[in-house]
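Chemist: Here you go, sequence then predicted model.
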Amino acid sequence: MFEYDASADLDPQYAPSEEFPGYTVRDLSYASPLGGRVPAFLVVPRGEGPFPALLYMHHGFGNRRTFRPEAEVLAGAGVVSLLLDSPFVRPEFRRSDRTGQPVEAVAAAEAALYRQLVVDCRRGVDLLASLPEVDAERIGYVGHSLGATWGGPLAGVERRLRALVLMAGYPSIADAYRSNPHPVIAALRSRLGPEDLETYLAVLAPLAGEPQVARAAPAALFFQFALRDEFITRQEAERYYAAASQPKDVAWYDTDHLFTGTAAPRLDRVTWLAARLGFAPLSQATLRQLQTLADSSG
């Protein structure tokens, strides 16, 4: 379901780089096996590598810029970061008006974008592993909401990831559409009606992250959830964590879905990743920088 031709040319294309004290930000894109090109930022520390690396996938309201402040701080600790745009924010794949189309076609189009997201992340791991600056044995993943929901399937099929942080994700998008009380999801159920809803969910159900995240081992997993999450219920969060393979950790924060108003999730995940991927010791200056970043990256 999430397989692809790993021998296909990535065809990375680079725009002019931005140079900063201690690191470089490369604006690039690479070919997706499922169509189009994946826009990304590659943040590379200066100095002797190879370095550990992180692949970032943003939440549904974000894009490749969402985690860039965090990635730039981590460059000072000797971490390479690749930050992707999901298919949902790329012009060629943005949802269009599907009024009047059969429900099976609408569901299949959504499922195709989810599959594309996971495959594009796998190609991102291919890109990182190909770079001389990267230690291919020390690659991790950070996904928030959209990135966490599909980080579960990614964890189950991508064996090169050593550690994954999943922030506020669903264990199954189909089950969320069936029962989650958020007004947007409830409106979707109402619009479809019972019969079309079941048809829709039958297309999405095989993509669930719950069975895949159970196969993540030996990769380590760190789940981060919000006590005042507007989208993810406590039951959904606990179910996602329960399904995951060991080793795993979980933390809850008194905040909302976007983890606003607190730096604790950021500090916790960076410290957790540092222990598992062998970052350089985080200096007090680095920790202060992480503490004062804007809320947009959780």
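Modeler: Received, thanks.

Chemist: Neighbours of Leu10, how many?
Modeler: Using other Cβ atoms under 10 Å, the number of residues around Leu10 comes to 17. For every residue, glycine as well, the C-beta is placed using N, CA and C.

Chemist: where does Phe41 land in three-state SS?
Modeler: strand (DSSP: H, G, I helix; E, B strand; the rest coil).

Chemist: Find the residue closest to it in space, skipping its chain neighbours.
Modeler: In space, and not counting its chain neighbours, Phe41 is closest to Leu83: 4.5 Å by Cβ to Cβ, 6 or more residues apart in numbering.

Chemist: who are the neighbours of the helix or strand hosting the one you found, in terms of helices and strands?
Modeler: Using DSSP states H and E, the element containing Leu83 is strand 80-84. Applying 3 or more Cβ pairs under 8 Å, 6 or more residues apart in numbering; DSSP states H and E, one finds that strand 80-84 makes contact with strand 37-45, strand 51-57, helix 68-75, helix 103-130.

Chemist: hmm, back to that, and the residue nearest to Phe41, how many residues sit next to it?
Modeler: 26.

Chemist: and it, what are its bridge partners?
Modeler: The partner list for Leu83 in beta bridges (DSSP bridges) reads Phe41, Tyr56.

Chemist: average pLDDT for the strand holding Leu83?
Modeler: Strand 80-84 carries an average pLDDT of 98.

Chemist: quick one: contacts of it?
Modeler: Residues from elsewhere that reach strand 80-84, judged by Cβ atoms under 8 Å, 6 or more residues apart in numbering: 38-45, 49, 51-58, 64-68, 70-71, 74-75, 120-121, 124, 127-128, 131, 133-134.

Chemist: Assumed Glu92 was part of a helix.
Modeler: Yes: counting by three-state DSSP, Glu92 is found in a helix.

Chemist: Quick check: it touching Leu34?
Modeler: No: using Cβ atoms under 8 Å as the test, Glu92 is too far from Leu34 to be in contact (11.3 Å).

Chemist: Point out where the stretch 1-150 of the chain drops to low pLDDT.
Modeler: Within the stretch 1-150 of the chain, the segments meeting pLDDT under 70 span 93-100.

Chemist: what angle separates the helix or strand hosting Ala136 from strand 51-57?
Modeler: Using DSSP H and E, Ala136 sits in strand 134-144. On the basis of axes from the mean of the first three to the mean of the last three Cα atoms, to 10 degrees, strand 134-144 is oriented at 30 degrees to strand 51-57.

Chemist: ok so, going back, if any of the contacts of strand 80-84 are buried, give me the ChimeraX selection for them.
Modeler: Burial among the contacts of strand 80-84 is assessed by 16 or more other Cβ atoms under 10 Å; the matching ChimeraX selection reads:
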select :38,39,40,41,42,43,44,45,49,51,52,53,54,55,56,57,58,64,66,67,68,70,71,74,75,120,121,124,127,128,131,133,134
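
Chemist: Enumerate every residue touching Leu267.
Modeler: Taking Cβ under 8 Å, 6+ apart, one finds 287, 290-291 in contact with Leu267.

Chemist: For it, give its distance to Leu273.
Modeler: 11 Å (Cβ to Cβ, to the nearest Å).

Chemist: next one: Thr149
Modeler: Using Cβ to Cβ, Thr149 is found at 20 Å from Leu273.

Chemist: Equivalent analysis for Val44, please.
Modeler: With Cβ to Cβ as the criterion, Val44 and Leu273 are 17 Å apart.

Chemist: which stretches of the stretch 151-298 of the chain form helices?
Modeler: Using DSSP state H, counting those that start in this stretch, the helices of the stretch 151-298 of the chain run over residues 151-157, 173-179, 183-204, 209-213, 234-243, 264-277, 284-292.

Chemist: closest to Gln101 out of those helices?
Modeler: Among the helices of the stretch 151-298 of the chain, the nearest to Gln101 by Cβ to Cβ is helix 183-204 (11.5 Å).

Chemist: Counting neighbours, which bits of that closest one end up buried?
Modeler: Buried, per 16+ other Cβ under 10 Å, within helix 183-204: 185, 189, 192, 196-197, 200-201, 203-204.

Chemist: Among the residues you listed, name the least confidently predicted one.
Modeler: Among the buried residues of helix 183-204, pLDDT bottoms out at Leu192, giving 89.
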